[in-house]
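Peer 1: Predicted coordinates and the sequence they were generated for:
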Amino acid sequence: FQAVARMMIENCQLMDFIIYSFRNGEEALDHLLEIRSSPKDSLVLLDLNMPVMNGWEFLEELNKYPLLQHLRVVIVSSSPNAEDIELSRSVDQVLDYVQKPMSINYLGKLFQKIGWATGT
């Protein structure tokens, strides 16, 4: 998923974009806490099924740190579970819940929605 998502983001040709990939939520959270903040225009593509710290645990931890609560999250999961989809709608940072595979068309529309691209 990470390699495909990276390629799709790069294909959107956004300027000044830095992409970080992590194996699990704990690594991602550690990175965010290490830099002690993140750009206001950050986006997290979050898989729910990760080892060590899953996506829900990551979101729970994220909410403990005021400096990170502005992060926008798109949950990208293979799960069609209605409970997961409904729960994602109750989390402020979650912009959307999309089932794998995520398409380049979806990503382009997402970037337009959040003001990062004028078209793909």
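Peer 2: Yes, it's here.
Peer 1: so how far is the helix or strand E26 falls within from its chain's centroid?
Peer 2: Using DSSP states H and E, the element containing E26 is helix 25-35. Taking C-alpha atoms, centre = their mean, to the nearest Å, one finds helix 25-35 lying 13 Å from the centre of the chain it belongs to.
Peer 1: Skipping its backbone neighbours, what lies nearest I114 in space?
Peer 2: Closest residue in space to I114, ignoring its immediate chain neighbours: R72 at 6.7 Å, by C-beta to C-beta, 6 or more residues apart in numbering. Placement of C-beta: from N, CA and C, glycine included.
Peer 1: before we move on, what about L48?
Peer 2: Spatial nearest neighbour of L48, excluding adjacent residues (C-beta to C-beta, 6+ apart): G55 at 3.7 Å.
Peer 1: Which pLDDT does the model give the one you found?
Peer 2: You'll see G55 listed with a pLDDT of 92.
Peer 1: For the chain, which residues score under the pLDDT cut-off?
Peer 2: Where the chain drops to pLDDT under 70, the residues are 1-18, 36-41, 117-120.
Peer 1: Go again with 80.
Peer 2: Low-confidence regions of the chain, defined here as pLDDT under 80, cover residues 1-20, 35-42, 111, 114-120.
Peer 1: ok so, going back, okay but the residue nearest to I114 is in contact with D96, surely?
Peer 2: No. In this structure R72 lies outside contact range of D96 using C-beta atoms under 8 Å: 9.5 Å.
Peer 1: before we move on, back to that, show me the contacts for the residue nearest to L48.
Peer 2: Shown in contact with G55 (C-beta atoms under 8 Å, 6 or more residues apart in numbering): 25, 46-49, 75, 77.
Peer 1: And stretch 59-70, how far out from the chain middle?
Peer 2: Offset of stretch 59-70 from its chain centre (C-alpha atoms, centre = their mean): 13 Å.
Peer 1: And stretch 20-29, by the same measure?
Peer 2: Here stretch 20-29 is found 11 Å from its chain centre; the criterion is C-alpha atoms, centre = their mean.
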